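Student: Predicted model, plus sequence, below.
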Amino acid sequence: MLNIILCGAPGSGKGTQSAFIAQKYGLLHLSTGDVLRAEIAKGSELGKQIDALISNGNLVPDDMMFGVIENYISSLPADCKGTIFDGYPRTEAQAEALTGLLQKYNMEAIMIDLLVDEQLLIQRLIERGKVSGRKDDNLNTIRHRIAVYHNQTEPIAHYYLHQGNYYAVNGNHQMADVFLQIMRIIDRYQGQ
Ligand code: ADP
């Protein structure tokens, strides 16, 4: 079983690399952003609350995210080769919750952290905003999301570093080069 937490700032390329990894290694891809946007699309009461948070670049509360992840992990198919967690955990409390949940099923995860310079992140997200139709891909919200990332998500790298499960990748390069770095990490880890 290979569980990968793909971490990185907004615009760091998590979605793109998740698709590459999922294809190459036969893993499932869980994008919490996609799950939340699907709830918004339903137009439910919960979706409306989520929309108000996401549109302003804020995080959804940890307890709400816990429900999503618990539900996902408890219903994994028996033949699952592993999951790419894209966008979870985003806070220290979420990291601890995920460790607990994985342990319950005798699983563990490694973190792969996509490191990208801030100017490039902003440039990429502005470009994406022209086609994504996402309300949170505008300059003010992008800046806020990056600040939220620095304050709440970046510190969790230490959590995985302490566990010896942390791998950094230079995400400033082209997509194929970034994927090469990721493959090296995964192949080395699996060869252990
Ligand atoms: P990006 O990484 O580019 O910001 P995502 O699609 O991963 O985009 O997430 C979009 C938004 O969904 C986030 O800004 C946040 O509001 C919400 N979100 C996604 N995952 C989480 C999470 N684990 N905890 C709290 N909020 C989340």
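Tutor: Perfect, thanks for sending it.

Student: how about the residue lying closest to residue 121 once chain neighbours are set aside, what does it touch?
Tutor: Once flanking residues are discounted, residue 121 sits nearest to residue 11: 4.0 Å by CB to CB, 6 or more residues apart in numbering. Quick note: C-beta positions are derived from backbone N, CA and C, even for glycine. Residue 11 is in contact with 116, 120, 121, 122, 124, 125, 128, 142, counting by CB atoms under 8 Å, 6 or more residues apart in numbering.

Student: which among these gets closest to the ligand?
Tutor: Taking CB to the nearest ligand atom as the measure, residue 125 is the one of those closest to the ligand, at 7.1 Å.

Student: Now the closest one: phi and psi?
Tutor: Main-chain dihedrals, residue 125, degrees, to the nearest 10: phi -70, psi -30.

Student: Looks like it contacts residue 144 (just checking).
Tutor: No - at 11.6 Å, residue 125 does not count as touching residue 144 under the criterion of CB atoms under 8 Å.

Student: okay, those two: which has more neighbours?
Tutor: The residue with more neighbours, out of residue 125 and residue 144, is residue 125; 24 against 15, by other CB atoms under 10 Å.

Student: where does that one land on pLDDT?
Tutor: As predicted, residue 125 sits at a pLDDT of 97.

Student: since we're on residue 97, how many residues are nearby?
Tutor: Neighbours of residue 97 under the rule other CB under 10 Å: 19.

Student: Could you list the buried residues of stretch 108-122?
Tutor: Buried residues in stretch 108-122, counted by 16 or more other CB atoms under 10 Å: 109, 110, 111, 112, 113, 114, 116, 121, 122.

Student: quick revisit: so the residue nearest to residue 121 sits in a helix?
Tutor: No - counting by DSSP: H, G, I helix; E, B strand; the rest coil, residue 11 is not found in a helix; it is coil.

Student: quick revisit: now go through the contacts of residue 11 and say which are in helices.
Tutor: Among the contacts of residue 11, the ones falling in helices (DSSP state H) are 120, 121, 122, 124, 125, 128, 142.

Student: tell me which element residue 7 is part of?
Tutor: Following DSSP states H and E, one finds residue 7 within strand 4-8.
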